[in-house]
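Asks: Give me the fold of what follows.
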Amino acid sequence: MLYGKLRRLAAAALALVLPLSGCGPAVETDAAAELPEGQKLIALTFDDGPRRSTTTRLLDGLAERGVKATFFLIGAQIEHNEDVVRRMDEEGHQIGIHTFDHVKLTGLNQTDFDSQVEESRDVLKAVLGHNDFLLRPPYGMLDEGVKARAGCPIILWSIDPEDWRDQDTDRVAAEVTAGARDGGIILLHDIFPESVDAALQIVDALHQQGYLFCTIEELFAARGIPLEAGESYWNAYP
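Replies: Have a look, this model is predicted:
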């Protein structure tokens, strides 16, 4: 199938990953070759998990398709889902922080910020044994305080179908597929069954259009864009 061929052609190259400033060592992948020239790349990202039922089904579908994604997790939901988080990590997905309780980070003092971001970081470190987690602030809301305290790159998005709004699988899949662009970052939520269905439809459709899915770290490394602590990134357009 097309996605299998694309994945084989690019598998080694995507590990030419740059270390993330302030976030510990980069995730190691199997790398050795360069991506084919002109390869279309796109990152699939998920917020608000993990939720055992939907996240596990999503991981199954991504594994079947050879796709790596990036998951921005809620710290409070990691307890009792540690095995799901470890599976994400072991299968090559990238993991980030989406606060502990899904609260706005803007306007917070250092203590309150730490209770949302650093506590989540500590939980993930305890589960996974490493510290290279990106930050996605809820609602994409940023201020200078968030940037100063983040301690890692801040990842936003370029394609948002608002899948939470009506949980309409077909609409979400069609909107994302129509809006796909080389270097784009797709935002979905793996807590909704309909979003899981839409995500797998999107993967299948964009594979047919020649896209290769990769993690955020892989995407920016492939484009030679360093990810810096406290800086925000919406896309990696060529």
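Asks: Tell me the spacing between the spatially most central residue of the chain and Asp114.
Replies: With distances taken as C-alpha atoms, centre = their mean, Thr70 lies nearest the centre of the chain, 2.2 Å away. The spacing between Thr70 and Asp114, counted by C-beta to C-beta, to the nearest Å, is 23 Å. (Glycine included, C-beta is placed from N, CA and C.)
Asks: what about the top helix by length along the chain, average pLDDT?
Replies: Determined from DSSP state H, the single longest helix within the chain is helix 193-208. When the per-residue pLDDT values of helix 193-208 are averaged, the result is 98.
Asks: Going toward the C-terminus from that helix, what's the next helix or strand?
Replies: Note on helix 193-208: by DSSP states H and E, the next helix or strand toward the C-terminus is strand 211-214.
Asks: so which helix or strand takes in Phe46?
Replies: Assignment of secondary structure by DSSP H and E places Phe46 within strand 40-49.
Asks: what packs against that strand?
Replies: In this structure, strand 40-49 makes packing contacts with helix 52-65, strand 70-73, strand 184-189, helix 193-208, strand 211-214, helix 216-222, judged by 3 or more C-beta pairs under 8 Å, 6 or more residues apart in numbering; DSSP states H and E.
Asks: Columns distance to Asp83 on top of the ones you listed, output as JSON lines?
Replies: Compiled in JSON lines, those are given as follows (distance: least, C-beta to C-beta, whole Å):
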{"stretch": "helix 52-65", "distance to Asp83": "9"}
{"stretch": "strand 70-73", "distance to Asp83": "14"}
{"stretch": "strand 184-189", "distance to Asp83": "21"}
{"stretch": "helix 193-208", "distance to Asp83": "18"}
{"stretch": "strand 211-214", "distance to Asp83": "24"}
{"stretch": "helix 216-222", "distance to Asp83": "23"}
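Asks: nearest to Gly38, of the ones you listed?
Replies: Distances from Gly38 to each of the helices and strands packed on strand 40-49 were compared using C-beta to C-beta; the shortest belongs to strand 211-214, at 11.2 Å.
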